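# Here's my sequence, what's the structure:
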Amino acid sequence: MGTTEKYINPFTDFGFKKLFGTELNKDLLIDFLNQVLPEKHQIQDLTYARTEHLGNSEADRKAVFDLYCIGVNGDRFIVEMQKAKQNYFKDRSVYYASFPIQDQAKKGDWNYQLSAVYMVGILDFVFSEDETEQLVRHEVQLKDQINRIFYDKLTFIYLEMPNFNKSVSELETNFDRWMYVLQQLPGLENRPAVLKDRIFQKVFETAEIAKFSPADKVKYEESLKYYRDLKNVVDTSYEEGKAEGITEGEIKGKIEGKIEGKIEIARQMKLDGESIDKIIRYTGLSAQDIENI
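Presented below is the predicted three-dimensional model:
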C-alpha cells in the first residue's frame, strides 16, 4: 500500500539519505549542521567519506555510520539518525567517535595533533534521565573535576526531537526551523511562509514523493514500512512493559530481543538463498538492512 503523505519521513533510512546523503544536497547538510554546531566550528564545505569503518583486524567489530563527512579544515562529523531507544547507545556513540580519531593517525613522525570530531545524533526518543526536562539540544564534552573543559576537540551533540514542541508561529531561528521540518515534514501539505528561504524550498522539492522515480518510490516504501514496524515494536513493548510493571532496562531488552530475532531470521533466510523480497515480507526489515546483514 502506497503512502498518502506528500513528503518523505526524514526518520526513515531512505528519507534521511535523500535529504542529507548526496553530493547534490550537500548544501542542505552544511546548513543543518551549521545550526547545530558551535559558532567556532561552522562548516564552509565538506566531503562525504566512506561510512563503513573496520577495526585493525578482521576480528574487530566494524562501524557503519549513517553519514560521515570531513570539513575542508579536517574536522570530522558523524551524523546518526536514531529511530528508537537502544541499550548502550551512548557507549556506541563513543565507540563510533573513536574511528574518525584513529583515521587521523599518520605514519612516521607525528605530533598527535588532531582535528575536531563531532558525533551528531538526531534522536526520535528522549534519554531516560531527561524525561522530566524539555531540552532539545545536548552538547557533551570531556570536563575535569571542577567542570572545566578538558578537551574541546571531541564533542557529542544529541537532538532529542520529542522535546521540540514549537508551533510554526513560534519559529524564531534557523535551528527552530530545521527542528520543525525534521519533525513535521511528513504531515505537511503546504509550505509554511516561515520556511520560504531557499534552503527550505530545496528541502521540500527534494522530499516531494510525487517527484521520485518508480524505483525510489519502492525503496522509500520499504524504508517507511521498516520504520513503522520498528516504532510499533517499541511502542507496544513499552506499553506491555508498563502494564507488567517491569523496569525500563527490561523493556529495552525485550525490544532489542524482538529486533535481533528479525535480524536472525533474515540472516538464516539469506543463507538459504531466499529472495530479498521474501525476506522483507517475513521480517519487515528494509532492503538496505538486509543487504547489510
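# where's Gly108 relative to Gln102, distance?
Remark: distance between Gly108 and Gln102 (Cβ to Cβ, to the nearest Å) = 16 Å. For glycine as for every other residue, the C-beta is placed from the backbone atoms N, C-alpha and C.
# the more surrounded of the two?
Gln102 (10 against 4; other Cβ atoms under 10 Å).
# how about that one, phi and psi?
Main-chain torsions, Gln102, degrees, to the nearest 10: phi -60, psi -30.
# how many other residues sit next to Gln82?
Neighbours of Gln82 under the rule other Cβ under 10 Å: 19.
# Spit out the contact partners of the residue nearest to it when sequence neighbours are not counted.
Once flanking residues are discounted, Gln82 sits nearest to Leu123: 5.0 Å by Cβ to Cβ, 6 or more residues apart in numbering. By Cβ atoms under 8 Å, 6 or more residues apart in numbering, the contact list for Leu123 reads Gln82, Tyr158, Leu159, Glu160, Met161.
# from the residues you listed, which is closest to Ser223?
Gln82 (15.1 Å; Cβ to Cβ).
# so which strand or helix has the spatially closest residue to Arg137 that is not a sequence neighbour?
Leaving out its chain neighbours, the residue that sits closest to Arg137 by Cβ to Cβ, 6+ apart is Leu159, at 5.8 Å. If you go by DSSP states H and E, Leu159 is part of strand 149-160.
# Tell me which helix or strand comes right after that strand.
As assigned by DSSP H and E, the chain's next helix or strand after strand 149-160 is helix 174-184.
# Would you mind pulling the contact partners of stretch 8-17?
In contact with stretch 8-17 (Cβ under 8 Å, 6+ apart) are residues 18-19, 66-67, 81, 83, 124, 181-182, 185-186, 207, 209, 216, 219-220, 222-224, 226-227, 286, 288-289.
# Pull out the buried residues from those residues.
Buried by 16 or more other Cβ atoms under 10 Å: 18-19, 66-67, 81, 83, 124, 181-182, 185-186, 207, 209, 219-220, 222-224, 226-227, 286, 289, out of the contacts of stretch 8-17.
# Inside helices: which ones of the residues you listed?
Among the buried ones among the contacts of stretch 8-17, the members falling in helices (DSSP state H) are 18-19, 181-182, 207, 219-220, 222-224, 226-227, 289.
# got a pLDDT number for Ala215?
In this model, Ala215 is scored at 92, pLDDT.
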